[in-house]
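Colleague: next comes the sequence, and after it the predicted model I'd like to discuss.
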Amino acid sequence: MSAAVLNLNDPATFPSRRVEAWKYSDLRRVLREAPEPSPDASVAPGGPFAALGGEEMAFANGRAVGADAFVASGEQTLRLRFVSEATNTGHSAAARIAVKPGAKLLLLESHEGSGAGYVAHNRLDIDIPAGAEVTRVVLVEEPEDAISVAEARVAVAPGGTFRQTTLLTGAKLQRQETHLTHGGQGTDVRMDGVYLLTGARHADMTSVVSHSGLNGVTSQLTKGVVRDQARGVFQGKIIVQRGADGTDARMGHHALILSERGEVDAKPELEIYADDVQCAHGNTVGALDESALFYMQQRGLSADEARALLVQAFLIEVVDRIDHEGARERVREWLEARL
């Protein structure tokens, strides 16, 4: 079951761990009844990417503030904001983005939460034609008792380019899904992610990339750090359909657990039905290098400072893969402030 069939008004659609795709993120356990609808809310212009300019499309408690769709042409920047200001209520939003051939779009997406105990369900559709390029950077920061499920469905035509970097800080249950249809010939996809979790927060990064044409390229790198009693989940699946010969698909997930009660569940998958492909996945979960910690402390750093620097060095590899300099520096600042 995917977030596409989730209906906050119908508890029968809330998936449990018996649904394989939700095995590690049991929504029904934390959400048993339909929440009351969230009230109207206002959104002040801004958000975490405000300094980078561009146009703004915002949703407040599920309601569009103006347009709920955007068409990109030429070279443009769009700040897409999903804002939740609610307490013990629920709301859903749906946005659509289309890109014209040859266009180049920087999509700066933020999920901004305040209040307590709300449930948010956000959906996004992106269509990328031949010759177009979309860079999507997502920052998610919500209260520790919130529940949020967000799903992006991305269709990339042959000759299109898609870059994605998602950063999560978790919530009671926080899930970001990406379902991508890969066009094959000349299509280049990179999908990266970071999760940084403390307390009892839970974050789930789930993705499915389906290659349907010849000679497609996908690169995926996800890194996470878990402290205290937090739980990180990574589920990545790459499917190489029949006829998608020449596919080059690589996936890596690497995590650090910095406490005895932290947990990471990882499920990288490859399904290959074509010949002459280059596909691989890797997964590691471990602790910080004690010898590196000792070395840094011997040179005057406190234990906390040493850990922070090692964690930053571990995660920054993902951030450095963001091509757009302004977005890369903003994400670096955002991440460093939370270390």
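Modeller: Happy to help now that I have it.
Colleague: I'd guessed R123 sits against E151; true?
Modeller: Yes. Checked against CB atoms under 8 Å, the pair R123 and E151 is within contact range at 5.3 Å. From N, CA and C alone the C-beta is placed, and that goes for glycine too.
Colleague: would you check that G115 makes contact with G90?
Modeller: No. Counting by CB under 8 Å, G90 is not a contact partner of G115; they are 11.6 Å apart.
Colleague: give the buried residues for the longest helix along the chain.
Modeller: When the chain is parsed with DSSP state H, its longest helix is helix 303-319. Neighbour-count burial for helix 303-319 flags A306, R307, L310, V311, F314, L315, I316, V318, V319 (criterion: 16 or more other CB atoms under 10 Å).
Colleague: I'd say the third one and A287 touch.
Modeller: So that's L310. No. Look at L310 against A287 with CB under 8 Å: they stay out of range, at 10.5 Å.
Colleague: now for the worst-scoring helix or strand of the chain on mean pLDDT, which elements pack on it?
Modeller: In the chain, the helix or strand scored least confidently by mean pLDDT, DSSP states H and E is helix 290-298, which has a mean of 81. When contacts are defined as 3 or more CB pairs under 8 Å, 6 or more residues apart in numbering; DSSP states H and E, helix 290-298 packs onto helix 303-319.
Colleague: buried residues in the very next helix or strand once past the helix it packs on?
Modeller: Downstream of helix 303-319, the next assigned helix or strand under DSSP states H and E is helix 325-337. Within helix 325-337, the residues scored as buried using 16+ other CB under 10 Å are A327, R328, R330, V331, R332, W334, L335.
Colleague: relative to helix 303-319, how tilted is helix 325-337?
Modeller: Relative orientation of helix 325-337 versus helix 303-319 (axes from the mean of the first three to the mean of the last three CA atoms, to 10 degrees): 150 degrees.
Colleague: so what does helix 325-337 touch, helix or strand wise?
Modeller: With contacts defined as 3+ CB pairs under 8 Å, 6+ apart, the packing partners of helix 325-337 are strand 133-141, strand 161-168, helix 303-319.
Colleague: export the ones you listed to a markdown table and tack on mean pLDDT?
Modeller: Output for the helices and strands packed on helix 325-337, formatted as a markdown table (pLDDT from 0 to 100):
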| stretch | mean pLDDT |
| --- | --- |
| strand 133-141 | 98 |
| strand 161-168 | 98 |
| helix 303-319 | 91 |
